[in-house]
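*Asks:* A predicted structure for the sequence below; I have some questions about it.
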Amino acid sequence: MCTGKCSRFVGLSLIPLSLICILSNALLLVPQGKTTWTNVNQLSIQVWLMAGFFGGGLMVLCPGISAVRAGGKGCCGAGCCGNRCRMLRSIFSSAFGVLGAIYCLSVSGAGLRIGPKCLTDRGWDYHFRDTKGSYLQNRTLWNLCVEPPGVVSWNVTLFSLLVAASCLEIVLCGVQLVNATLGVFCGDCRKEKGSSEWLGP
């Protein structure tokens, strides 16, 4: 696959993944879709860290757009540099995206392990913190949380989605790092429309 086509594929994959992370983080702020419990003392710190919004979201959206642009034809005129300028920018953007995805993965993983903050007969607290993630396999414990209702399944679903999306983002940004580096040194193997000349050397 040509470096330009690969960049476009990676970029078009990263953009929806980043939007999924942003949406997931937004939903974590409103358990069960209600603003009743959107309070700093009623949501876990992992939700307020906004890892899905900033890390897996905006910090990956920029590399996604950059990769799509790097997959375009020519950046310095009619194929004079084979998109080397955009590929170079994509290298730095992808490295930035890897950091954002790792941040999202770390916080979301911690959110799954510690569990949500919820109300039980002992008040608001992280009641699953000492289980070290074993509560995930024992759904009978989930009923201990009175408010917000269904918060455990809500958090587990959305944090799991963030973990999966950020893992894919790390892989795709890593692929784009390698691809963009090849693009800088080797150029793009695609041909200009109506021309028999290679865009690369």
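*Replies:* Done, it's in. Keep in mind it's a predicted model, so treat the numbers as computed, not measured.

*Asks:* per-residue pLDDT of the residue found closest to L49 once you drop the neighbours it is linked to in the chain, please?
*Replies:* With C-beta to C-beta, 6 or more residues apart in numbering as the criterion, L49 has its nearest non-adjacent residue at 5.1 Å, and that residue is V107. The way it works is simple: take the backbone N, C-alpha and C, and place the C-beta from them, glycine included. At V107, the model reports a pLDDT of 96.

*Asks:* check which element follows the helix or strand that contains L119 along the chain.
*Replies:* Per DSSP states H and E: L119 is located in strand 118-120. The helix or strand immediately downstream of strand 118-120 is strand 123-125, counting by DSSP H and E.

*Asks:* what residues does that next one touch?
*Replies:* 41-42, 117-118 (C-beta atoms under 8 Å, 6 or more residues apart in numbering).

*Asks:* next one: that strand to chain centre, how far?
*Replies:* 30 Å (C-alpha atoms, centre = their mean, to the nearest Å).

*Asks:* so what strands line up beside that strand?
*Replies:* Taking DSSP bridges as the criterion, strand 123-125 sits next to strand 118-120 (antiparallel) in its sheet.

*Asks:* now stretch 67-87: mean pLDDT?
*Replies:* Stretch 67-87 comes out at a mean pLDDT of 66.

*Asks:* endpoint to endpoint, it covers what distance?
*Replies:* End-to-end span of stretch 67-87 (C-alpha to C-alpha, to the nearest Å): 8 Å.
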